[in-house]
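A.B. asks: need a 3D model of the sequence below.
(chains A and B)
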Amino acid sequence: MHPAYSVIAFTTASGMGYGLLILLGVLTPAGALPANPWLGALALLLGLALVTGGLLSSTLHLGHPERAWRAMSQWRSSWLSREGVAALAVYPPVLLFAIGWVLLGDASGFWAAMGVLGALLSLVTVACTGMIYASLTTIRQWHHPLVLPVYIGLALATGALLLQVLSVLFGYGVSLVAWIAVTAVAGSLALKLLYWASIDRGASSSSPETATGLGRIGKVTQLEAPHSETNYVMSEMGYKVARKHARRVRLLVVLLLFLVPGAASLIVASLGGGVLAGLVALVGLVAAGAGILAERWLFFAEATHVVTLFYGERAA
Amino acid sequence: MTSLPQPGPDTGGKKLGLVIDLDICVGCHACATSCKEWNTGGYSAPLSDHDPYGAHPVGAWLNRVHAYEVEQAVRPEDPRTVHFPRSCLHCETPDCVTVCPTGASFKRAGDGIVLVDPDLCIGCKLCSWACPYGAREYDPDDGVMKKCTLCVDRIYNDNIPEDDRVPACVKACPVGARHFGDLGDPASEISALVRARGGYDLMPEMGYQPVNKYLPPRDRPAPDASPAGLEPLAAPEAVPEDLPSGLWRWLDRALSR
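C.D. replies: Okay, here's the model as predicted:
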């Protein structure tokens, strides 16, 4: 599948933003983070900016961005529409939570409930994003039970790494946030390794023989394509990355998205705060930022679509 | 509405579609070009092209004709060439409809035709990802998805002669390899054809339940076998055992006349 940069930017930025909003909406009402207005202002602003920037970037790949509002209408059948509805529903409770936390210095009672509701809807939004891919039967690397947990795990991990920087900056709940980051990074790594092992073993039940139905006669090979140049179907669905490049990008993802941030969070947890801990937390965040872009690019580039079976691919 | 129409009083069980005879198709692309010609001025207008007369022309087409070589399991030394037109199959349970976030992609309850409403489409391309058959092509100039309309603007068109009220591809096929009709009516000619020839679904494992059917190429005799049921027109001349050579051969022929 062709990796659309606006979609990569959207899913990674909004994933980190929703991960941050989930953690804020749970940790602050639980009393693990104080209702400090400056922390609240910066953290919620960052979360909302990432989410909003991501949503706006996702409209860049549309043919008609001015009609994007129409995407709210088909939530009964479409995960993309559900994602849009959930993404909008996040704003009211999070803004109310911000009013309580930042303006009134109060993250309890009603304001706490708004934080939890915002966290819940953020989780739902990330789940909808994952389901857009997981529901496509045409792409076996996406139609996989681990796609949804990986999306949620990585949103939490990248959100936690961002919160870790803030918690060191303000000196609140450093070791708790660092341990949450370690847990989320380690959990996501385990899920991603299982996912890669599974898609490498997996095989499609479709073939050129089932695609054309000519398997009843024998083995099918393409003699001539319908067109001498490329077309939309081939440039969008026929994009593939060489296996050796995929291996290298996987190693890069393991290093940048998991090993470096995981180690950084362990160091932050043991330091418990200070300038050095802040720098180490920043290194973890920057590495994860680069790592998640590579991970999402690979998620597209490694995905093979069954339509390529019509165009001479033996397997998809 | 992108929810699929439920079987009920409003559907009437009508399933308009195509049947494509792979035994007859000669791969001339007349169906593809006439489709492009009609639809670039019809419901789907425009079907934009980029660099159409240059070195790398690309453009939106609703019908594509592949050519495959099939190694026959019974006679691997005698492979067959099969020309294979590919377009929307107007599936009964297509994900391209249900994934659409705006309601632009829809399946008509009355006749089962799958269409894109160009005024609602936001060009998110998700429907093309959901289609296993590559039936949807995005038009970057128009910013919306294009697909086979089953020539909905021909088949119900009172302004054209009655025998033209079939999809442009069916009308154009010079060998009669394309058939149009109601596959939901077991008594229709096209349903009888599917039964008689063992018409089949493409990628049935996807579960989309295509309406369009393909008729398999018929078995054919091995290339060296004489056609069954035909007597040779004349018995081959008896060949003498010992042929003379040189001058004697010429003399023998000349005297034999």
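
A.B. asks: make it CA atoms for all contacts and neighbour counts henceforth
C.D. replies: Will do.

A.B. asks: residue A:233: what's it in contact with?
C.D. replies: B:134, B:136, B:137 (Cα atoms under 8 Å, 6 or more residues apart in numbering or on different chains).

A.B. asks: quickly find the element holding it.
C.D. replies: Residue A:233 belongs to helix A:232-237 when assigned by DSSP states H and E.

A.B. asks: assign a three-state SS to residue 115, would you?
C.D. replies: In the absence of a named chain, chain A is used. Using DSSP: H, G, I helix; E, B strand; the rest coil, the structure places residue A:115 in helix.

A.B. asks: to clarify, I was referring to chain B.
C.D. replies: strand.

A.B. asks: wait, it touches residue B:107, no?
C.D. replies: Yes: between residue B:115 and residue B:107 a contact is recorded at 6.3 Å, counting by Cα atoms under 8 Å.

A.B. asks: low-confidence ranges in the chain?
C.D. replies: Just going to use chain A. Scanning chain A for pLDDT under 70 picks out nothing.

A.B. asks: think we crossed wires, I meant chain B
C.D. replies: Residues of chain B that meet the cut-off, pLDDT under 70, sit at B:1, B:7-11, B:224-232, B:235-244.

A.B. asks: mind listing what the biggest strand by length in it pairs with, with the direction of each?
C.D. replies: Identified as the longest strand of chain B according to DSSP state E is strand B:63-72. Sheet partners assigned to strand B:63-72 using DSSP bridges are listed as strand A:218-224 (antiparallel), strand B:80-87 (antiparallel).

A.B. asks: which one of those lies nearest to residue B:157?
C.D. replies: strand B:80-87 (21.9 Å; Cα to Cα).

A.B. asks: what residues of the closest one count as buried?
C.D. replies: B:80, B:81, B:82, B:83, B:84, B:85, B:86, B:87 (16 or more other Cα atoms under 10 Å in any protein chain shown).

A.B. asks: chain center to it: distance?
C.D. replies: A distance of 7 Å separates the centroid of the chain from that of strand B:80-87, by Cα atoms, centre = their mean, to the nearest Å.

A.B. asks: how about the contacts made by residue B:6?
C.D. replies: residue B:109.

A.B. asks: three-state assignment of it?
C.D. replies: coil.

A.B. asks: now it: how far from residue A:284?
C.D. replies: Using Cα to Cα, to the nearest Å, residue B:6 is found at 52 Å from residue A:284.

A.B. asks: wait, residue A:210 sits on residue B:200?
C.D. replies: No: taking contacts as Cα under 8 Å, residue A:210 lies outside contact range of residue B:200: 10.5 Å.

A.B. asks: count the residues that sit near residue B:255.
C.D. replies: 8 (other Cα atoms under 10 Å in any protein chain shown).

A.B. asks: how far does the helix or strand harbouring it sit from its chain's centre?
C.D. replies: Assessed by DSSP H and E, residue B:255 sits inside helix B:246-256. Mean-position distance between helix B:246-256 and its chain equals 59 Å (Cα atoms, centre = their mean).

A.B. asks: packing partners of that helix?
C.D. replies: Applying 3 or more Cα pairs under 8 Å, 6 or more residues apart in numbering or on different chains; DSSP states H and E, one finds that helix B:246-256 contacts no other helix or strand.

A.B. asks: that one: which residues count as buried?
C.D. replies: Taking 16+ other Cα under 10 Å as the criterion, helix B:246-256 shows none as buried.

A.B. asks: now do stretch B:149-167
C.D. replies: B:149, B:150, B:151, B:152, B:153, B:154, B:155, B:165, B:166, B:167.

A.B. asks: hmm, who's touching it?
C.D. replies: Taking Cα under 8 Å, 6+ apart as the rule, stretch B:149-167 contacts B:17, B:39, B:42, B:43, B:44, B:113, B:114, B:115, B:168, B:171, B:180.

A.B. asks: and the stretch 1-150 of chain A, which of its residues are near chain B?
C.D. replies: A:61-65, A:67-68, A:70-81, A:136-138 (Cα under 8 Å from any Cα of the partner chain).

A.B. asks: re the thing from before, give me the distance from the longest strand of chain B to the chain's centre.
C.D. replies: 11 Å.

A.B. asks: dump the C-alpha coordinates for that strand into CSV.
C.D. replies: The C-alpha trace of strand B:63-72 is given here as CSV (Å, rounded to 0.1, in the frame of the first residue of the first chain):
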residue,chain,number,x,y,z
ASN,B,63,-12.8,-1.3,-17.3
ARG,B,64,-9.5,-3.0,-17.8
VAL,B,65,-8.6,-6.0,-20.0
HIS,B,66,-5.9,-8.3,-18.8
ALA,B,67,-4.3,-11.2,-20.7
TYR,B,68,-3.3,-14.3,-18.8
GLU,B,69,-1.5,-17.5,-19.7
VAL,B,70,-3.0,-20.5,-18.1
GLU,B,71,-0.9,-23.7,-17.8
GLN,B,72,-3.5,-26.4,-18.3
